[in-house]
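Undergrad: Need a 3D model of the following:
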Amino acid sequence: MKSGFNGNLVIGSSLAHMYMKCGFVEEGERVIKRMHVHNVVAYNTLITGRAQNGCSEEAMDQYNLIKIAGFRPDKIIFVSVISSCSELATLGQGQ
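TA: Numbers count the residues shown, from 1 in each chain. Prediction:
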């Protein structure tokens, strides 16, 4: 992680995605937090990575935070949110 990517959006999102795919959720989150700019790709990586690693509650929390911040979730985020809702047995929230 000491590669000096300086928060580059493309590199940071790719690196975080790699960590999340390998099950290193905290490392992926750390990369996202170090990025200077956050967009739907960065949040998608964070929400999907959490959902795929069994952190459904954290995925839902992040989803709610991005909605409050005014970000418009895309289709990929919605799939992760629905998956998280089913894990938490809260499908009503997925609407």
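Undergrad: use CA for all of it now, contacts and neighbours both
TA: Will do.
Undergrad: What residue, apart from its backbone neighbours, is nearest the residue most central in space within the chain spatially?
TA: Geometric centre of the chain, nearest residue: Leu46, 1.4 Å, by C-alpha atoms, centre = their mean. Spatial nearest neighbour of Leu46, chain neighbours left out: Glu29 (6.6 Å); criterion: C-alpha to C-alpha, 6 or more residues apart in numbering.
Undergrad: Next, count neighbours for the one you found.
TA: Residues contacting Glu29 under the criterion other C-alpha atoms under 10 Å number 21.
Undergrad: Touching, it and His17? I think so.
TA: No - contact criterion C-alpha atoms under 8 Å: Glu29 and His17 do not qualify, at 9.5 Å.
Undergrad: Name the residues contacting each of those two.
TA: Leu46 (C-alpha atoms under 8 Å, 6 or more residues apart in numbering).
Undergrad: so who does the residue nearest to Lys21 when sequence neighbours are not counted touch?
TA: Leaving aside its sequence neighbours, Lys21 sits nearest to Gly49 (C-alpha to C-alpha, 6+ apart; 6.8 Å). With contact set as C-alpha under 8 Å, 6+ apart, Gly49 has these partners: His17, Met20, Lys21, Val25.
Undergrad: Now the first one: closest residue in space that isn't a chain neighbour?
TA: Yep, that's His17 we're talking about. His17 sits nearest to Thr45 (C-alpha to C-alpha, 6+ apart), 5.8 Å away.
Undergrad: Sweet, I'm off.
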